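Visitor: Quick one: sequence and predicted model below, then my questions.
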Amino acid sequence: MAAMTSSARPRLNRRLAEFGTTIFAEMSALALSTGSINLGQGFPDTDGPEEVREAAVRALRDGRGNQYPPGPGIPELRTAIAAHQLRRYGLSFDPDTEVLVTAGATEAIAAALLALVEPGDEVVALEPYYDSYAASIAMAGGTRVPVTLRPHFEEGASFRLDLDVLRAAVTDRTRLLLINTPHNPTGTVLTRAELAAIAELAVERDLLVVTDEVYEHLVFDDAEHLPLASFPGMRERTVTIGSAGKTFSFTGWKVGWVTAAPELVSAVRAVKQFLTYVSSGPFQYAVAEALALPDSYFEGFRRSMLARRDILAQGLTEAGFEVFRPAGTYFITTDIRPLGEKDGFAFCRTLPERAGVVAIPNAVFYDDREAGAPFVRFAFCKREEVLREAAERLQAL
């Protein structure tokens, strides 16, 4: 049989063949073309603190960061990240060897997985998961092994982790656990007991852990965010990822970071330097100032998002959805079956015409599309008046 010629081969690397245009681009375009309220993609419709924006302007005018910043990130920001981790969680990191600034959390995820995973390694991830996880595992040549968070309806609808299923998913080929808490898209915040069990499993099976904690400041009700790195045996095996975009509402700045033991940071930095090398120079100075804001800012931000969560949750409930009230993040997952629907893709593609609102079908976050089929995600990081208008429009359902 003749070998396939170069021109006959698909242009996209076969590892990424399953990844086309993201659902976020499709739904955002649909929002524009129909004039709908976009509750699909998770970005705020207002900017963050004025003093933080002015810090970026000042850095630009003073000529700080207009040229290449240092590869690991400017010292001021690395010091601020370390101080934040110490003040909030009692975790001590050396700014010079244990902190790395990245082009948002998405680059941090990609660089960590490309650095730590080799072809054939298995990566256990909590499903549903942020779409870049699957793509990054594929680029690294790893095999993703989903552990699905299942819906529970007793004492309030929520998604929970089955620890027995997690343990069973780990094999001799497992290299790494990819954990996300607070969890996008379900809004689940892993409990102390769940995190302790994950830590025990990682130590017992000698696993590395990458933990995405970008929504660390958005936890509600009785939930508490606890960094996995703070648990026994986890400091030396955990890569923790954070982001300024979610906490300060400047998602376009793309400033993220990694904190980890020196050998892990060195590995991630070795990859990161060949992805973006550096980024966001002036914004790094502004984020350094943002992380030093008083606790009142973080608490006020949390309360503001809690109020918005409740506005949208009430509107969705009144519209007939089964609502999984999130304990964290700024997303609400709903079940569309009470509306007589069962296909989230079809529902979301017709929702703009039916109600003038855009949402995201959760099935895009699943390997098992059937498991995610009846669930739809709405973002509530919008102005309260926008959420009230969206809630009113959804009554048409």
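Guide: Structure received.
Visitor: Let me know the distance separating H152 from R160.
Guide: According to Cβ to Cβ, to the nearest Å, H152 stands 5 Å off from R160. Using the backbone N, CA and C atoms, a C-beta is placed for each residue, glycine as well.
Visitor: next one: V364
Guide: V364 sits 21 Å away from R160, going by Cβ to Cβ.
Visitor: okay, those two: which has more neighbours?
Guide: Each of V364 and R160 has its neighbours counted (other Cβ atoms under 10 Å); V364 has more, 21 against 14.
Visitor: show me the residues around that one that make contact.
Guide: 22-23, 131, 372 (Cβ atoms under 8 Å, 6 or more residues apart in numbering).
Visitor: Type out the ChimeraX command that picks the buried ones from those residues.
Guide: The buried residues among the contacts of V364 can be selected in ChimeraX (16 or more other Cβ atoms under 10 Å) with this line:
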select :23,372
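Visitor: where does the stretch 151-300 of the chain have low pLDDT?
Guide: 155 (pLDDT under 70).
Visitor: which residues of it fall in strands?
Guide: 158-160, 174-180, 208-212, 238-243, 256-259 (DSSP state E, counting those that start in this stretch).
Visitor: Just put these in CSV and tack on distance to T350.
Guide: CSV is the format used below for the strands of the stretch 151-300 of the chain (distance: least, Cβ to Cβ, whole Å):
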stretch, distance to T350
strand 158-160, 25
strand 174-180, 30
strand 208-212, 32
strand 238-243, 33
strand 256-259, 35
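Visitor: closest one to A229 among these?
Guide: strand 238-243 (4.3 Å; Cβ to Cβ).
Visitor: Neighbouring strands - and their directions - for that closest one?
Guide: Partners of strand 238-243 in the sheet, by DSSP bridges, are strand 208-212 (parallel), strand 256-259 (antiparallel).
Visitor: ok now do T102, which residues does it touch?
Guide: For T102, counting by Cβ under 8 Å, 6+ apart, the contacting residues are 108, 111, 256-258, 272, 276, 279.
Visitor: That one bridge partners, please.
Guide: When bridges are called by DSSP bridges, T102 pairs up with G256.
Visitor: what's the distance between it and V255?
Guide: Counting by Cβ to Cβ, the gap from T102 to V255 is 8 Å.
Visitor: before we move on, what about T188?
Guide: 26 Å.
Visitor: Do a quick rundown of the helices in this protein.
Guide: Ranges of helices in the chain, per DSSP state H, are 23-34, 50-61, 75-89, 104-116, 131-140, 163-169, 192-204, 244-248, 262-272, 281-291, 295-318, 344-355, 369-372, 384-394.
Visitor: and of the ones you listed, who's closest to L176?
Guide: Checking the helices of the chain against L176 by Cβ to Cβ gives helix 104-116 as the closest, at 5.9 Å.
Visitor: contacting residues around the closest one?
Guide: Defining contact as Cβ under 8 Å, 6+ apart, one finds that helix 104-116 is touched by 100, 102, 123, 130, 132-133, 135-137, 139-140, 142, 175-176, 178, 208, 210, 212, 214, 239, 241-243, 245, 254-258, 264, 267-272, 275-276, 279.
Visitor: now the angle between helix 262-272 and that helix, please.
Guide: 110 degrees (axes from the mean of the first three to the mean of the last three Cα atoms, to 10 degrees).
Visitor: Distance from the chain centre to helix 104-116, please.
Guide: Remark: helix 104-116 is offset 12 Å from the chain centroid, using Cα atoms, centre = their mean, to the nearest Å.
Visitor: And stretch 11-23, by the same measure?
Guide: Mean-position distance between stretch 11-23 and its chain equals 20 Å (Cα atoms, centre = their mean).
Visitor: can you list contacts of it?
Guide: For stretch 11-23, using Cβ under 8 Å, 6+ apart, the contacting residues are 10, 40, 131, 134-135, 138-139, 141, 360-361, 364.
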